[in-house]
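Peer 1: Any chance you can model this:
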Amino acid sequence: MTIQGRSPASSTPTSTVGRGRAARTVDPARVSGAWSDASISVRLGDSLTLYEEWDTPTVIVSDGGYGVLGFEGDTTDHLGLPDWYEPHIAAWSRRATPRTTLWFWNSEVGWAAVHPVLEAHGWRYVNANIWNKGKGHIAGNVNTSRIRRFPVVSEMCVQYVFEARLDGLVLKEWLLREWKRTGLPLRKANEACGVADAAVRKYLDQGHLWYFPPPDMFVKMQAYANRHGEPSGRPYLSIDGERPGTAEQWAALRAKFDCPHGFTNVWDRPALRGKERYKVNGESGKAVHLNQKPLDLVSMLVEASSDEGDVVWEPFGGLFTACLAARSIHRRGFGGEIDPTYFHHGVRRLREAGSQLPLA
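Peer 2: The predicted structure follows:
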């Protein structure tokens, strides 16, 4: 797939030689290739080979390449990120449903580089969130007399949903097409919904005023259309093409989200320190993974965009923070990690956390 605005692939691939890791490398022969419990299943290997084995995702937490040589396989800069991510994004799109939310972690320029690829594969941008680590993150590490930019203390976590389509049309286009098929005037949609003008002004609008009809309003429109519309065109507003759509079918065409009270799109949360940072015993407190995310933030994202029993994917597992979050709030997690050392320590972390769970 060629994405508009991207230059053709260079004959010389972007370097992906990592800058090493803080933790001592683990002998791959000592690493088991898989681990699971009642809630989590993680595998050692490229997630591209694992996606088809995982259950359908409600949430995908992506924390992969940033273009900063953060690990063996990361790119040297953001220019290589679109090609790095595209096979994964294509695979996510094949397995996603309109209920699926993607949380895409990256740097500002890394996200900007990958955004066109996400859109091209059917992911609709919802919101950009900023993890503000605060000035303590750079204290003592920045020479302000020499630096040529403002110090960076943030990361991006961008929310996408998989765009629902019916007959190849986005929902607002499909709703208008279906209503026009009935032969009824548009204003009759207001009568169907029992409103003055909201149905035409919001539910059938084709611009920025369009609003996803609540399931009960969709059912009212569907019932009115099938009762009063041209008999030859029935069923109208059918999700499956065979029978009139139901409230449950319509609700399933929208991603889940329940906004937690008191949060905005700027998360003032210090960088991981002390006991929060997962470390290797006996190695002078060295952190295992420099890109480890706060469990509380990841848990918030998963909880806001899923229900108990739903499935969470973590394609670039690292220390499997998203899988750990999934288990702690009664979701099911599937994760992959290609690096044997990170996988070894990630499984160790899952086991240790599991031993601390309260008995049922």
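
Peer 1: so where do the helices sit in the stretch 201-350 of the chain?
Peer 2: 215-228, 247-251, 295-304, 321-328, 340-355 (DSSP state H, counting those that start in this stretch).

Peer 1: Report the distance from the third one to the chain centre.
Peer 2: When you say that, I think you mean helix 295-304. 12 Å (C-alpha atoms, centre = their mean, to the nearest Å).

Peer 1: sorry, back to before: export the helices of the stretch 201-350 of the chain to a markdown table and tack on distance to L186, mean pLDDT and mean neighbour count?
Peer 2: C-beta here means a position set from N, CA and C on the backbone, and glycine is covered the same way. Output for those, formatted as a markdown table (distance: least, C-beta to C-beta, whole Å; pLDDT from 0 to 100; neighbours: other C-beta atoms under 10 Å):
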| stretch | distance to L186 | mean pLDDT | mean neighbour count |
| --- | --- | --- | --- |
| helix 215-228 | 11 | 99 | 19 |
| helix 247-251 | 20 | 99 | 16 |
| helix 295-304 | 35 | 99 | 19 |
| helix 321-328 | 44 | 98 | 25 |
| helix 340-355 | 55 | 92 | 19 |
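
Peer 1: Any stretches of the stretch 1-150 of the chain with poor pLDDT?
Peer 2: 1-23, 69-72, 74, 76 (pLDDT under 70).

Peer 1: how about the helices of it, start to end?
Peer 2: Using DSSP H, counting those that start in this stretch, helices in the stretch 1-150 of the chain cover 81-95, 108-120.

Peer 1: Turn these into TSV, including distance to Y342 and mean neighbour count.
Peer 2: Formatted as TSV, the helices of the stretch 1-150 of the chain follow (distance: least, C-beta to C-beta, whole Å; neighbours: other C-beta atoms under 10 Å):
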stretch	distance to Y342	mean neighbour count
helix 81-95	17	19
helix 108-120	20	19
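
Peer 1: what helix or strand is the closest residue to I138 other than its chain neighbours on?
Peer 2: Nearest non-adjacent residue to I138, counting by C-beta to C-beta, 6 or more residues apart in numbering: P151, 4.5 Å away. Using DSSP states H and E, P151 is not contained in any helix or strand.

Peer 1: if I pick P151, what's in contact with it?
Peer 2: Counting by C-beta atoms under 8 Å, 6 or more residues apart in numbering, P151 touches 138, 142, 144.

Peer 1: can you give me the strands in the chain?
Peer 2: 34-36, 40-44, 59-62, 101-106, 123-132, 154-162, 165-166, 169-170, 266-268, 311-314, 332-337 (DSSP state E).

Peer 1: Rebuild those strands as TSV, extending it with distance to V114.
Peer 2: Formatted as TSV, the strands of the chain follow (distance: least, C-beta to C-beta, whole Å):
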stretch	distance to V114
strand 34-36	29
strand 40-44	24
strand 59-62	9
strand 101-106	7
strand 123-132	10
strand 154-162	9
strand 165-166	22
strand 169-170	22
strand 266-268	21
strand 311-314	17
strand 332-337	19
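
Peer 1: Out of the ones you listed, which is closest to R227?
Peer 2: strand 165-166 (21.2 Å; C-beta to C-beta).

Peer 1: Would you agree W174 is in contact with R181?
Peer 2: No. Here W174 does not reach R181: they are 10.5 Å apart, not a contact under C-beta atoms under 8 Å.

Peer 1: Could you list the domains of the protein?
Peer 2: The chain breaks down by automatic domain parsing into domains covering 33-164+255-355, 170-251.

Peer 1: Switch those domains over to TSV; also include distance to R24.
Peer 2: Formatted as TSV, these follow (distance: least, C-beta to C-beta, whole Å):
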stretch	distance to R24
domain 33-164+255-355	6
domain 170-251	50
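
Peer 1: Of the helices of the stretch 1-150 of the chain, which is nearest H330?
Peer 2: Closest to H330 of the helices of the stretch 1-150 of the chain is helix 81-95 (C-beta to C-beta; 22.0 Å).

Peer 1: That closest one packs against which elements?
Peer 2: helix 108-120, strand 123-132 (3 or more C-beta pairs under 8 Å, 6 or more residues apart in numbering; DSSP states H and E).

Peer 1: Could you figure out how far it is turned away from strand 154-162?
Peer 2: 40 degrees (axes from the mean of the first three to the mean of the last three C-alpha atoms, to 10 degrees).

Peer 1: got the angle between helix 81-95 and strand 123-132?
Peer 2: Using the same axes, to 10 degrees: helix 81-95 against strand 123-132 is 120 degrees.

Peer 1: Other residues contacting helix 81-95?
Peer 2: For helix 81-95, using C-beta under 8 Å, 6+ apart, the contacting residues are 1, 3, 6, 9, 14, 16, 47-48, 51-52, 54, 56-57, 60, 62, 64-67, 75, 100, 102, 106, 110, 113-114, 116-118, 121-123, 162, 313, 315.

Peer 1: 7 Å instead?
Peer 2: 3, 6, 9, 47-48, 51, 56-57, 60, 64-65, 67, 75, 102, 110, 113-114, 117-118, 121-122, 162, 315 (C-beta atoms under 7 Å, 6 or more residues apart in numbering).

Peer 1: Could you tell me the angle between it and strand 101-106?
Peer 2: Using the same axes, to 10 degrees: helix 81-95 against strand 101-106 is 170 degrees.

Peer 1: Against E248, how distant is M156?
Peer 2: Applying C-beta to C-beta, to the nearest Å, the value for M156 to E248 is 35 Å.
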